[in-house]
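Asks: Sequence and predicted model, in that order:
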Amino acid sequence: MEQYRALVARLSGEEVLASVERLEAPPLQDGDVRIRVSYSSVNYKDALAVSPRGNVVKRYPHVPGIDLAGTIAASKDARFREGDSVLVTGYGLGVSADGGYAELAQVPADWVVPLPAGLTAREAMAFGTAGFTAALSVLRLEEAGLAPGQGPVLVTGATGGVGSVAVSMLAGLGYEVAASSRKADAEAQAFLRGLGASELLPPEALRMPEGKAIARERWAGVVDPVGGPALRDVLGTVRYGGGVALSGFTGGADFAPNVYPFILRGVRLLGIDSVLCPMPERQRVWARMAGDMKPAGLLDEIASEATLEELPEALRAILRGEMRGRVIVKL
Ligand SMILES: C=CC(=O)SCCNC(=O)CCNC(=O)[C@H](O)C(C)(C)COP(=O)(O)OP(=O)(O)OC[C@H]1O[C@@H](n2cnc3c(N)ncnc32)[C@H](O)[C@@H]1OP(=O)(O)O
Ligand SMILES: NC(=O)C1=CN([C@@H]2O[C@H](COP(=O)(O)OP(=O)(O)OC[C@H]3O[C@@H](n4cnc5c(N)ncnc54)[C@H](O)[C@@H]3O)[C@@H](O)[C@H]2O)C=CC1
């Protein structure tokens, strides 16, 4: 049996501890493929997977990593052959099944996306689930009528994974982008300007005036990976007919909206799920990410690299909200 290195998370009392171990590949089941992983990436959900109260992983020991890109090493499914370049995000990867923080991974072929022309494995992981979620958010807003020239599009959590790809993607598509971030230092501001944001705002600037139920129309659309109580105020400042693509909860899971944005301005709240996005749409989105939605500075400006050994610290950093852009894991 082939041996491979992986980051293994184990329960130790109340804690989850993660370290690099050597594992043995089990026999391949019918319908599954074995992938030699070349790159993975760091997402907020990966950090939840190694948090005792993260509610993402039910059984330990566990190999985290909700993303991977690599080549097929063995296949028990007619759709894939040895040597094919592929990527996997979401489904049960790194949640119910061992994930991408490993040199080898075995997954159902139904989860596998052929690497689209126009993307390398490394670029695919510079996007990863966060980039896919940003792309899905922009697509849902476009389907709801958003087009360049209608006014500024707000991106919250703008220095994070979903946020930074969204800023860069929207700017590349010709949108005017307003980026909201808690990070006010010069480096973060230069980062956001470099991605194409034309307006920078602290989260406090998104608040509606005290006592107001709805406020001045500002945003033609919103990409929101932060959620939480601030979403009430964001909804109250979306322009007539605009949409809010809601994907995350780093700012909290609960919010208390009122009805006015919906019934006075026809504002749409669009739920974004990357995990179970159906395969035909998944492949269409990846094709656009390899084409007109591919940000020019994807690797140079947004992504940095980490090894398996460096992952535990990167996972702690993303939970603290300290991550800037995307971190690619090189196997
Ligand atoms: C890349 C993606 C992301 O980053 S998303 C963020 C990751 N977070 C999660 O995956 C959420 C994990 N789940 C939870 O934290 C909790 O389940 C909860 C807060 C969402 C709800 O907790 P509660 O105690 O109110 O209910 P249950 O846990 O009993 O669940 C109720 C019902 O919902 C189903 N469900 C739970 N998690 C998910 C999920 N991630 N996707 C889809 N559905 C989910 C759960 O199975 C229950 O349904 P049932 O039909 O009864 O099985
Ligand atoms: N719906 C889906 O399919 C997906 C959901 N997500 C969710 O999107 C969110 C972002 O994920 P990533 O980009 O990977 O994480 P990230 O940590 O890279 O980015 C999150 C950003 O939010 C900021 N932030 C944290 N707390 C905040 C607060 N109270 N107010 C304002 N900003 C705050 C952080 O500083 C950071 O810039 C997470 O909640 C994640 O679970 C991510 C991918 C897929």
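Replies: Nice, thanks for sending it over. Ligands and ions are numbered 1, 2, ... in the order given.

Asks: who touches whichever strand or helix holds residue 328?
Replies: Assigned by DSSP states H and E, residue 328 belongs to strand 326-330. If you take C-beta atoms under 8 Å, 6 or more residues apart in numbering as the criterion, strand 326-330 is touched by 38-42, 65, 100-101, 122, 125-128, 130-131, 161, 164-165, 302-308, 311, 314, 318. Bear in mind the C-beta positions are built from the backbone N, C-alpha and C, glycine included.

Asks: how close does residue 76 get to ligand 1?
Replies: With the distance defined as C-beta to the nearest ligand atom, to the nearest Å, residue 76 ends up 27 Å from ligand 1.

Asks: Residue 77 now?
Replies: Residue 77 is 25 Å from ligand 1, by C-beta to the nearest ligand atom.

Asks: Close to ligand 1: what parts of the chain are there?
Replies: Residues of the chain lying near ligand 1 by C-beta under 6 Å from any ligand atom: 44, 45, 48, 55, 56, 129, 274, 275.

Asks: follow-up on the earlier one: from the contacts of strand 326-330, which land in strands?
Replies: 38, 39, 40, 41, 303, 304, 305, 306 (DSSP state E).

Asks: Columns pLDDT and neighbour count on top of the residues you listed, output as CSV?
Replies: Shown next, in CSV, are the ones in strands among the contacts of strand 326-330 (pLDDT from 0 to 100; neighbours: other C-beta atoms under 10 Å):
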residue, pLDDT, neighbour count
38, 98, 19
39, 98, 23
40, 98, 33
41, 98, 31
303, 96, 23
304, 95, 14
305, 96, 16
306, 96, 18
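
Asks: so which pair among those is furthest apart in space?
Replies: 38 and 304 (16.7 Å; C-beta to C-beta).

Asks: before we move on, the earlier item: ok, the ones in strands among the contacts of strand 326-330 vs ligand 1, which is closest?
Replies: Of all the ones in strands among the contacts of strand 326-330, ligand 1 sits closest to residue 41, with 11.4 Å by C-beta to the nearest ligand atom.

Asks: If you tally nearby residues, what's the number for the nearest residue to the closest one once chain neighbours are set aside?
Replies: Excluding the flanking residues, the one nearest residue 41 by C-beta to C-beta, 6 or more residues apart in numbering is residue 128, at 3.6 Å. The tally of other residues near residue 128 (other C-beta atoms under 10 Å) stands at 32.

Asks: Could you pull up the residues touching residue 128?
Replies: Residue 128 sits in contact with 40, 41, 42, 43, 66, 67, 89, 161, 326, 328, where contact means C-beta under 8 Å, 6+ apart.

Asks: By proximity to ligand 2, which residue of the chain wins?
Replies: Taking C-beta to the nearest ligand atom, the chain has residue 160 as its residue nearest ligand 2, at 1.9 Å.

Asks: what pairs with the residue lying closest to residue 205 once chain neighbours are set aside across the strands?
Replies: Leaving out its chain neighbours, the residue that sits closest to residue 205 by C-beta to C-beta, 6+ apart is residue 180, at 7.3 Å. Beta bridges link residue 180 to residue 201, judged by DSSP bridges.
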